[in-house]
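Trainee: A predicted structure for the sequence below; I have some questions about it.
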Amino acid sequence: MAEVTIDSTLQESRLFEPPAEFSQQAEIKSLAEYEQLYAKAKADPQKFWADLAETELHWFQKWDTVLDWQPPFAQWFVNGKINISYNCLDRHLTTWRRNKAALIWEGEPGDSRTFTYAQLHREVCQFANVLKQLGVQKGDVVGIYMPMIPEAAIAMLACARIGAPHTVVFGGFSAEALRDRLKDGKAKLVITADGGWRKDAIVPLKEQVDKALADAPTVKNVLVVQRTAQPIAMEPGRDHWWHDIRQGVSADCPAEPMDSEDMLFILYTSGSTGKPKGVVHTTAGYNLYSHVTTKWIFDLKDTDVYWCTADVGWITGHSYIVYGPLSNGATTLMYEGAPRASNPGCFWDVIEKYGVNIFYTAPTAIRAFMRMGDHEPNARNLSSLRLLGTVGEPINPEAWMWYHRVIGGERCPIVDTWWQTETGGVMITPLPGAIATKPGSATRPFPGILAEIVDLEGNPVPDHEGGYLAIQHPWPGMMRTVYGDPDRFRRTYWEHIPPQDGHYTYFAGDGARKDADGYFWVMGRVDDVISVAGHRLGTMEIESALVSHPAVAEAAVVGKPDEVKGEEVVAFVTLDPSFAPSPELSAELKKHVVQEIGALARPGEIRFSEALPKTRSGKIMRRLLRSLAAGEEITGDTSTLEDRSVLDKLREGA
Ligand code: PRX
């Protein structure tokens, strides 16, 4: 990778102080308190984490070394014995939380279920005993390919209880993607459902499992939860209905004392090249990190209903639907559905129905809602909300302001949380009672996280200058390795920035800058950066400028090779329904970008499109747009694409 500087052009000066009433009741109440905590953690990270591990978690046996750091391999809380399922369930049973709602679930067709901590514990124990009965032992990898139903969380907790690492594969992935992940993880058993509801249709999960298993010989058994009840094939001896096999099985299953560094799960994530990487997280460090970040960032109170809209198939679902909230004894809400033609306001219905207090979603969803207009949220009572969050990609200030105004009623702080599958939990974020927010900035690092913007030598770059987002000290939630490929782990994350005097720096692959207040502005993946006339421009900033025009609902910007400038900016634009594509509008949008950012960022080309190619988790696939813009064949992996027809339409329009 060539040495670069990344020019940053986004100018945003609005500042939103935490509301006084919020700060008074918050976990971290002021900037001074945050700064004190941050300084304390920086001075002695090991003591900081050890103190929290002691007070926040239950241990069967205490560790003897806090951190064993053999770069780039870390071990936290060495020789400690712990179980995350115990921390999420059992320890609450001896408190008043025993009969508190642990999990509230709303199905897409409108059915619902609620589990108290005691009930959830019983379900998990029984599920764990069934897994054992099917031959699953400590250390065996279990695949989970599920819709968003309570059994998805129950299955994860059951695996964790008996020490079987899970690998959750998002239910929207194809049979091929599922097969590759099951094979790579050498999964012994798969937990699935007959189907799941998504946008008023059934997703035939079991059918995909059958296809995947034609070539995944390590899988010996399939446990099938009935959700949709359409007819499916069941292979005798291999496939078992959960509701049959559970009959008469004991709900007594003590949590296995796990070593701190025993593998808790593998979660596959794709890079821009190569096959997906199996990101490995282990038990104690992940438990602590997801727990503490949940507690301080979402500021959970025992009376709160907390809702994260992610799917459990992504890291956000792991850390912030299941493990973080339950470890804190919170009430976590899980929703099967997605906004759809028959009910575009379904999210707001759920908030109203359950009186949701904390709502955590993604910029792509926020932009989609913005495009639908204010009438859906305005028609519901959203006054229970007290805190909003966003994750997954940079949020453009326009969408941030809409979220703040229309959903948050101008009273809810917004936590824009930067992190990755690899980091296990949130790394850069406002603490909502302490840190004033600026639309589009994830603000400041979480205590204990030594984040910096550096060049490729590892030297910090001056304020306002773009560089690489890097982490300079290990943290408990960090990934431990790439499953089966420690060398790839080293190459991908630890060798872009050469170690200095034995100090290794984690390379996140994102471009960012810091402003004079120490706020971080993430500009997106470095491979999404465009180089125009020797200046590197973050795609997000140009997109943000486009979206600030009233005609634009969503925009994706890529570089197209250009003989003179290196790269030319090509913008793919989805319009607000009340505007129609025209050459005049195209010219106006180019002018608008020039006005907002400068002539350097002027798009050479604007392409109007009804939709943009996205991954199933809602990220725009700029790699595909880059090929389209350059008039090249699309090569490489398209298995994560949500809707293939979008590409065909874009090609026809070209
Ligand atoms: O580029 C950053 C972007 O998402 C990447 C991580 O993706 P993934 O592993 O799928 O995890 C997503 C959920 C944690 C990052 O490298 N990203 C995530 N959150 C933000 C973000 N970019 C800007 N701002 C964020 N808040």
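Mentor: Yes, it's here. Bear in mind the structure is a predicted one, so any value in this text is a computation, not a measurement.

Trainee: before we move on, which element is the residue most central in space within the chain in?
Mentor: Centroid-nearest residue in the chain: Thr316, 3.5 Å away (criterion: CA atoms, centre = their mean). For Thr316, the host element (DSSP states H and E) is helix 315-317.

Trainee: state the mean pLDDT of that helix.
Mentor: In this model, helix 315-317 has a mean pLDDT of 96.

Trainee: quick one on the thing from earlier: chain neighbours aside, what residue packs nearest to the residue nearest to the centre of the chain?
Mentor: Excluding its sequence neighbours, the residue lying closest to Thr316 (CB to CB, 6 or more residues apart in numbering) is Ala310, at 3.7 Å. For the C-beta atoms, the positions are set from N, CA and C on the backbone; glycine is no exception.

Trainee: quick check: the one you found vs the ligand, distance?
Mentor: Distance of Ala310 to the ligand, computed by CB to the nearest ligand atom, to the nearest Å: 8 Å.

Trainee: how about the strands in the stretch 351-500 of the chain?
Mentor: Using DSSP state E, counting those that start in this stretch, the strands of the stretch 351-500 of the chain run over 358-361, 387-391, 414-417, 451-454, 467-471, 481-482.

Trainee: among these, which comes closest to Trp63?
Mentor: For Trp63, the closest of these is strand 481-482, at 19.9 Å, according to CB to CB.

Trainee: show me what contacts the residue nearest to the centre of the chain?
Mentor: Shown in contact with Thr316 (CB atoms under 8 Å, 6 or more residues apart in numbering): Cys308, Ala310, Tyr360, Val391, Gly392.

Trainee: give me the number of residues near the closest residue to the ligand within the stretch 551-654 of the chain?
Mentor: When distances are taken as CB to the nearest ligand atom, the stretch 551-654 of the chain reaches nearest to the ligand at Ser617, 6.3 Å away. Taking other CB atoms under 10 Å as the neighbour definition, Ser617 ends up with a count of 20.

Trainee: which helix or which strand is home to it?
Mentor: If you go by DSSP H and E, Ser617 is not part of any helix or strand.

Trainee: residue numbering should commence at 682 henceforth.
Mentor: All right, first residue 682 from here; so that's Ser1298.

Trainee: please name the nearest non-neighbouring residue to it.
Mentor: Trp995 (5.5 Å).

Trainee: verify the stated contact: the one you found with Gly1299.
Mentor: No - Trp995 is not in contact with Gly1299 according to CB atoms under 8 Å; the separation is 9.8 Å.

Trainee: those two: which is more packed in?
Mentor: Each of Trp995 and Gly1299 has its neighbours counted (other CB under 10 Å); Trp995 has more, 22 against 18.

Trainee: what about that one, distance to His1056?
Mentor: Distance of Trp995 to His1056, given as CB to CB, to the nearest Å: 30 Å.

Trainee: any buried residues in stretch 925-932, and which?
Mentor: Arg927, Val930 (16 or more other CB atoms under 10 Å).

Trainee: I meant to write stretch 1102-1112 there.
Mentor: Thr1102, Glu1103, Thr1104, Gly1105, Gly1106, Val1107, Met1108, Ile1109, Thr1110, Pro1111, Leu1112.

Trainee: which residues in the stretch 1232-1335 of the chain form helices?
Mentor: Ranges of helices within the stretch 1232-1335 of the chain are 1264-1277, 1303-1310, 1326-1334, based on DSSP state H, counting those that start in this stretch.

Trainee: in CSV, list the ones you listed along with mean neighbour count.
Mentor: CSV is the format used below for the helices of the stretch 1232-1335 of the chain (neighbours: other CB atoms under 10 Å):
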stretch, mean neighbour count
helix 1264-1277, 16
helix 1303-1310, 22
helix 1326-1334, 14
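
Trainee: contact partners for Gln1153?
Mentor: So Gln1153 contacts Leu1131, Ala1132, Glu1133, His1184, Thr1186, Tyr1187 (CB under 8 Å, 6+ apart).

Trainee: so the fifth one sits right up against Ile1178, yeah?
Mentor: When you say that, I think you mean Thr1186. Yes - between Thr1186 and Ile1178 there is a contact under CB under 8 Å: 4.4 Å.

Trainee: how does the protein divide into domains?
Mentor: 701-764+959-1131+1155-1193, 766-937, 1210-1334 (automatic domain parsing).

Trainee: just to revisit the earlier point, flag the least confident of the contacts of Gln1153.
Mentor: Minimum confidence in the contacts of Gln1153 sits at His1184, scoring 86.

Trainee: for Glu832, see how far away the residue of the stretch 1232-1335 of the chain closest to the ligand is.
Mentor: 21 Å.

Trainee: what residues does the stretch 932-1081 of the chain put near the ligand?
Mentor: Residues of the stretch 932-1081 of the chain found near the ligand (CB under 6 Å from any ligand atom) are Thr950, Ile996, Thr997, Val1072, Gly1073, Glu1074, Pro1075.

Trainee: is it possible to mark the buried ones in those residues?
Mentor: For those, buried by 16+ other CB under 10 Å: Ile996, Thr997, Val1072, Gly1073, Glu1074, Pro1075.

Trainee: from those residues, pick the one nearest the ligand.
Mentor: Pro1075 (3.9 Å).
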